[in-house]
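Colleague: Only the shape, not the letters, is given here:
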């Protein structure tokens, strides 16, 4: 489904839903490319110029959100009764406890809602209400979690690489979750999961390779490229040198035996 709404209208719609949730004491946060656009203020032109969907006039097709399963009933009430979004009974029967998939009342776009974690190629956890990572930022998930959302993809595609480029251009790396990539959290999470570590580091190198291509074609300025290169280098250095758990080493050994270390996932969520 390609929405008839403009990028600006899609962003406003995502924020409208999250704000309606907050007014009712419900925690929802925006994921994906819309979240990256929101969190990368001042870099909208770069996101548009890169043309993540191959069309500079259109960047988004749907809205992705995440909440806590402890508020499942409240989220359904908000979406269905108060905002009049539609959901398929068949989808509810098959997937309704781990995910909700809504259509706009006028079929203008879809809304995908996940709970507690992103379980795609790898797991990106958000914890529980009151002590989880969703409370660390608003109206989106944190910069670090936005980066992980993209880096966990086993077969990353070019539109996701473009999102990573914009995110890294707009945010420094550091220690903490406030408007930066949290190296400490990356080291902790990836140092305990070889498969996630492997795909994340591979995807960072792929991102740098694409950034070089965009630099050479004029889509990225030399200055932008150097910033991205430096930040990727900093993240890779942290991930190469961070402490590794027994679970991490066990995962590496399993991979040596040619055992699959990722899940195959559908394209829909991105």
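Modeller: Cool, the structure landed. Note that the structure is a prediction, hence the values are computed from the model and not measured.
Colleague: Show me the strands in the stretch 1-150 of the chain, by range?
Modeller: 28-30, 63-67, 86-87, 99-103, 110-115, 117-119, 123-125 (DSSP state E, counting those that start in this stretch).
Colleague: Of these, which is nearest residue 78?
Modeller: Closest to residue 78 of these, according to C-beta to C-beta: strand 28-30, at 8.2 Å. The way it works is simple: take the backbone N, C-alpha and C, and place the C-beta from them, glycine included.
Colleague: ok, residues contacting that closest one?
Modeller: Contacts of strand 28-30 with the rest of the structure, by C-beta atoms under 8 Å, 6 or more residues apart in numbering, involve 14-15, 17-18, 21-22, 35, 38, 63-67, 75, 113, 134, 137-141.
Colleague: Low-confidence bits of the stretch 1-150 of the chain, can you list those?
Modeller: For the stretch 1-150 of the chain, applying pLDDT under 70 flags the ranges 1-3, 55-57.
Colleague: Quick check on the contacts of strand 28-30: which are buried?
Modeller: Buried members of the contacts of strand 28-30, scored by 16 or more other C-beta atoms under 10 Å, are 14-15, 17-18, 21, 35, 38, 63-67, 75, 113, 134, 137, 139-141.
Colleague: my guess is residue 66 meets residue 119, correct?
Modeller: No. With contact defined as C-beta atoms under 8 Å, residue 66 does not count as touching residue 119 (11.3 Å).
Colleague: Please produce JSON lines containing the strands of the stretch 1-150 of the chain, extended by distance to residue 9.
Modeller: Shown next, in JSON lines, are those (distance: least, C-beta to C-beta, whole Å):
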{"stretch": "strand 28-30", "distance to residue 9": "15"}
{"stretch": "strand 63-67", "distance to residue 9": "11"}
{"stretch": "strand 86-87", "distance to residue 9": "19"}
{"stretch": "strand 99-103", "distance to residue 9": "16"}
{"stretch": "strand 110-115", "distance to residue 9": "14"}
{"stretch": "strand 117-119", "distance to residue 9": "25"}
{"stretch": "strand 123-125", "distance to residue 9": "28"}
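Colleague: In three-state terms, how would residue 156 be classified?
Modeller: At residue 156 the chain is in coil, as set by DSSP: H, G, I helix; E, B strand; the rest coil.
Colleague: check contacts around residue 183.
Modeller: 173, 174, 175, 234, 235, 238.
Colleague: Which per-residue confidence value corresponds to the fourth one?
Modeller: Here the pLDDT value assigned to residue 234 is 98.
Colleague: neighbours of residue 31, just the number please.
Modeller: 25 (other C-beta atoms under 10 Å).
Colleague: Could you check how far it is from residue 208?
Modeller: 24 Å (C-beta to C-beta, to the nearest Å).
Colleague: swap in residue 122?
Modeller: Distance from residue 122 to residue 208, by C-beta to C-beta: 21 Å.
Colleague: These two - which one has more neighbours?
Modeller: Per other C-beta under 10 Å, whichever of residue 122 and residue 208 has more neighbours is residue 122, with 24 against 21.
Colleague: Where does the nearest residue to residue 224 once chain neighbours are set aside sit, in terms of helix or strand?
Modeller: In space, residue 224 comes closest to residue 169 once its chain neighbours are excluded; the distance is 5.6 Å by C-beta to C-beta, 6 or more residues apart in numbering. Here residue 169, judged by DSSP states H and E, is contained in helix 158-170.
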